[in-house]
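K.L.:
Just need the structure, nothing else, for what follows:
(chains A and B)
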Amino acid sequence: MENADVARQLGEMADILELTGGNPFKVRAYRAAAQVIDTLPEPVEEVWRRGALTDLPSIGTGIAEEIGELLATGHSPRHDELARQVPLGVLELLRLEGVGPRTVEAMWKQLGVTDLDSLEAAIADGSLARLPRMGPVRIRSIREALERYRGRGSRLPIHRALFYAEGMLGRLRKARGVIRAEAAGSLRRRMETVGDIDLLVCSEEPEAVRRAFVALPGVAKVLATGETKSSVRLEAGVQVDLRVVPPESWGAALHYFTGSKRHNVSIRTRAVRRGLKINEYGIFDRHDRRIGGEREEEIFEAVGLPWIPPELREANGEIEAAEAGRLPVLVEEADVLGDLHVHSRASTDARATIEKLALEARRLGRSYLAITDHSRSRPLGLDEEGVLRVAAEARRIERRLGGSPRLLTGVEVDILPDGSLDLPLELLAGLDWVVASIHSRFHEPAEETTARLIRAIRSGVVDLIGHPTGRQIGKRDPYPFDLGAVLEAAAACGVAMEVNAMPDRLDLNDKACRLAREAGVQVVIDSDAHNESHLANLRYGVWVARRGWLEAKDVRNTRPPGELRRRGRRTYDAAEAAR
DNA sequence: GCCGTTTTCGGCCCGACTGTTTTCAGTCG
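P.N.:
Got it, this is the predicted structure:
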């Protein structure tokens, strides 16, 4: 049972308790536990095996027992008992925007609405209007929420969210009365996908800002608009929330709206213990006198902590690390010197010439580039001769450009189903840089894929495992395999793991980065560029690495070209070569 | 149900906005 399954069951228990009028603090406890499990950077099963569940925040003896039952037997009696009290479809009604537990409870108990279909019927036949406080505006908004839910796409990938956010911020910064404007929320924490976009504006003229905001191009509908808070939906379907605060509250508001919720609760609880109150308007002493809040740093200072980078604010140990003076110095884009996974038009799915790629890399300030086209098992991929031809061309272009950037010869070689590589080891051993990736047979049993990856790692000619989990966000789940075992092999062989910065891959993800670091495995943040514009995507990979607590020393391509290789220099397993 | 430098009981973050009300419940973040 995966972390996500355990988290979902705990979340369902919270929903059911809430619908049946359970203790609201108990509801919150289950919800907090679900969140902890969902964002846990290792399999919950491992924590359970070593008997450490109650060491996790928000997991006490009761919920630890639930989780134990779930992992041991696949279901928990407590969950099943709760589930009998509420029809399954009722829980789904809670997913509708603007529909909460009290509304669902009333629809269910008073009207017999048990799922999306019967809600639709209750709207159509007018019976929904019989509920208290249910006027025509609410009914319309519920109907629209229902339609959106049915036709909804997944969460917005970060690069698209950023595109909208930067466009709006650019205009807001020029609007009357705007002193500062920044993105907050999950976007500022650089999550891989965001549910909505949170913008924060500093101004003494909230009314002018509000008017500018709702008039921004692309706004399809104004959902709410008040003195300090407004929400709109863009034509693209994404919701954007705006908060306007005065300068003296800027730092407090930026912290508050950056979240995460659990991080904020921890900070506030620390503040309460010190006799302080922290809200989005500032820091207040026990006489309600403002003692700070203009700068975000003051929030942390008030609770005795150094400033914590937004990417770490997930209540996953950052507060404890800050307290102990052990916050990581997170890797930055400027630390990354080169890109080690790039395709030229020698790959059938890529377009750019090596020269174009090199010039763009130089413009972006990269000092080296590995040309790693696909090998022969991909359609029209390179055979031995092709690899050598591309390598020779790379050397020629490097000379023509005066050695800036350095061009490393390489290949992205396929890991075949049995774990062997689809080019001769002698050839691979002679290249500057070898990426090995799985591009086929994603549905093998976990043991086989694990063995497949480990055999490639042990080949002695591989520098980097490309997109190690194979997932594509919103499209393809990771193939099943034992990441821990693969990391262990990679650590032993000095092979790096990729953080593929393609925004639909981001593979490894943040949690896996943290595991890699703990396993002593370096990552390489690279673009997997298929045209020159992709080279700029590196920043998305850097954000993933930062969310995974990685420092520059954990990222191999923060090193100059001469220090990239860790595998035995030009050595490889002779037995493998003979196969 | 969780948690603890006000601890094993008694708290648990809290303010903004909307729609439906004529004072506020519900939802959201």
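
K.L.:
drop to CA atoms for contacts and neighbour counts, all remaining ones
P.N.:
Will do.

K.L.:
And the residue in chain A positioned nearest to DNA strand B, what's its pLDDT?
P.N.:
Per C-alpha to the nearest atom of the strand, A:G135 is where chain A lies closest to DNA strand B, at 2.4 Å. Looking at A:G135, its pLDDT stands at 91.

K.L.:
Neighbours of it, how many?
P.N.:
When neighbours are defined as other C-alpha atoms under 10 Å, A:G135 has 12 of them.

K.L.:
For it, which non-adjacent residue is spatially closest?
P.N.:
Counting by C-alpha to C-alpha, 6 or more residues apart in numbering, A:G135 lies nearest to A:A129, which is 6.4 Å off, once chain neighbours are set aside.

K.L.:
contacting residues for the one you found?
P.N.:
Shown in contact with A:A129 (C-alpha atoms under 8 Å, 6 or more residues apart in numbering): A:123, A:135-136, A:139.

K.L.:
likewise A:V342?
P.N.:
A:V342 neighbours (C-alpha under 8 Å, 6+ apart): A:369-373, A:527-530.

K.L.:
Most neighbours out of these, which is it?
P.N.:
For the contacts of A:V342, neighbours tallied by other C-alpha under 10 Å; top is A:I371, 31 neighbours.

K.L.:
Show me the beta-bridge partners of that one.
P.N.:
Beta-bridge pairing of A:I371 under DSSP bridges involves A:V342, A:T409.

K.L.:
and the nearest residue to A:A489 once chain neighbours are set aside, how many neighbours?
P.N.:
Of all residues not flanking A:A489 in the chain, A:I454 sits nearest, at 6.2 Å (C-alpha to C-alpha, 6+ apart). Residues lying near A:I454 (other C-alpha under 10 Å) number 19.

K.L.:
moving C-terminal of the host helix or strand of A:L453, what's the next helix or strand?
P.N.:
Taking DSSP states H and E as the definition, A:L453 sits inside helix A:446-457. On the C-terminal side of helix A:446-457, the nearest following helix or strand under DSSP H and E is strand A:464-465.

K.L.:
and that following strand, what does it pack onto?
P.N.:
Applying 3 or more C-alpha pairs under 8 Å, 6 or more residues apart in numbering; DSSP states H and E, one finds that strand A:464-465 makes contact with strand A:433-437, strand A:496-500.

K.L.:
Identify whichever of these lies nearest to A:E2.
P.N.:
strand A:496-500 (22.1 Å; C-alpha to C-alpha).

K.L.:
Who are the packing partners of the next helix or strand after the closest one?
P.N.:
Moving toward the C-terminus from strand A:496-500, the next helix or strand (DSSP H and E) is helix A:510-519. Counting by 3+ C-alpha pairs under 8 Å, 6+ apart, the packing neighbours recorded for helix A:510-519 are helix A:483-493, helix A:538-547.

K.L.:
Would you format those as TSV with mean neighbour count and distance to DNA strand B included?
P.N.:
TSV is the format used below for those (neighbours: other C-alpha atoms under 10 Å; distance: least, C-alpha to the nearest atom of the strand, whole Å):
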stretch	mean neighbour count	distance to DNA strand B
helix A:483-493	19	26
helix A:538-547	26	20
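
K.L.:
May I see the ones you listed organised as CSV, with mean pLDDT added?
P.N.:
Below are these laid out as CSV (pLDDT from 0 to 100):
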stretch, mean pLDDT
helix A:483-493, 95
helix A:538-547, 96
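
K.L.:
Strands of the stretch 101-250 of chain A, start to end?
P.N.:
Along the stretch 101-250 of chain A, the segments classed as strands by DSSP state E, counting those that start in this stretch run A:156-157, A:178-184, A:193-194, A:197-203, A:219-225, A:229-234, A:239-245.

K.L.:
for the fifth one, which positions count as buried?
P.N.:
Neighbour-count burial for strand A:219-225, counted by 16 or more other C-alpha atoms under 10 Å, picks out A:219-220, A:222, A:225.

K.L.:
And those residues, which two are furthest apart?
P.N.:
Of all pairs in the buried residues of strand A:219-225, the most separated under C-alpha to C-alpha is A:A220 and A:T225 at 14.0 Å.

K.L.:
per-domain residue ranges of chain A.
P.N.:
What automatic domain parsing lists as the domains of chain A is A:3-152, A:156-245, A:250-323, A:333-561.

K.L.:
Just name the most buried of these.
P.N.:
Per residue and on average, the most neighbours among those fall to domain A:333-561, with a mean of 21 (mean count of other C-alpha atoms under 10 Å).

K.L.:
picking up where we left off before, adding distance to A:G22, write the contacts of A:A129 out as CSV.
P.N.:
Output for the contacts of A:A129, formatted as CSV (distance: C-alpha to C-alpha, whole Å):
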residue, distance to A:G22
A:I123, 28
A:G135, 28
A:P136, 30
A:I139, 27
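
K.L.:
Restricted to helices, list these.
P.N.:
The helices, defined by DSSP state H, take in A:123, A:136, A:139 from the contacts of A:A129.

K.L.:
Which secondary structure elements does whatever helix or strand A:G386 lives in sit against?
P.N.:
Assigned by DSSP H and E, A:G386 belongs to helix A:384-400. If you count contacts as 3+ C-alpha pairs under 8 Å, 6+ apart, helix A:384-400 packs onto helix A:354-363, strand A:406-414.

K.L.:
try 10 Å this time
P.N.:
Applying 3 or more C-alpha pairs under 10 Å, 6 or more residues apart in numbering; DSSP states H and E, one finds that helix A:384-400 makes contact with helix A:354-363, strand A:368-371, strand A:406-414, helix A:425-429.

K.L.:
Out of these, the one nearest A:R160 is which?
P.N.:
Smallest distance to A:R160 across those (C-alpha to C-alpha): 22.3 Å, for helix A:354-363.

K.L.:
low-scoring stretches of chain A, by residue?
P.N.:
Residues of chain A that meet the criterion pLDDT under 70 lie in A:152-154, A:475, A:567-579.

K.L.:
in it, which residue is closest to the centre?
P.N.:
Central residue of chain A (C-alpha atoms, centre = their mean): A:E192, 3.0 Å from the mean position.

K.L.:
So for that one, what's the nearest residue that isn't a sequence neighbour?
P.N.:
Nearest residue to A:E192, sequence neighbours excluded (C-alpha to C-alpha, 6+ apart): A:I158, at 5.4 Å.

K.L.:
Then A:V387?
P.N.:
Leaving aside its chain neighbours, A:V387 sits nearest to A:V411 (7.0 Å; criterion: C-alpha to C-alpha, 6+ apart).

K.L.:
wait, doesn't that neighbour sit right on A:L421?
P.N.:
No. With contact defined as C-alpha atoms under 10 Å, A:V411 does not count as touching A:L421 (11.4 Å).

K.L.:
A:F213 and A:R351, how far apart?
P.N.:
A:F213 sits 40 Å away from A:R351, going by C-alpha to C-alpha, to the nearest Å.

K.L.:
oh, I was asking about A:W48
P.N.:
From A:W48 over to A:R351 (counting by C-alpha to C-alpha), the distance is 49 Å.

K.L.:
cool, and A:I415?
P.N.:
A:I415 is 24 Å from A:R351, by C-alpha to C-alpha.

K.L.:
what's near enough to touch A:S260?
P.N.:
The contact partners of A:S260, by C-alpha atoms under 10 Å, 6 or more residues apart in numbering, come to A:185-186, A:189, A:266, A:310-315.

K.L.:
Out of those residues, list just those in strands.
P.N.:
Of the positions in the contacts of A:S260, not one sits in strands, assigned by DSSP state E.

K.L.:
can you tell me which of these are in helices?
P.N.:
Among the contacts of A:S260, the members falling in helices (DSSP H) are A:185-186, A:266.
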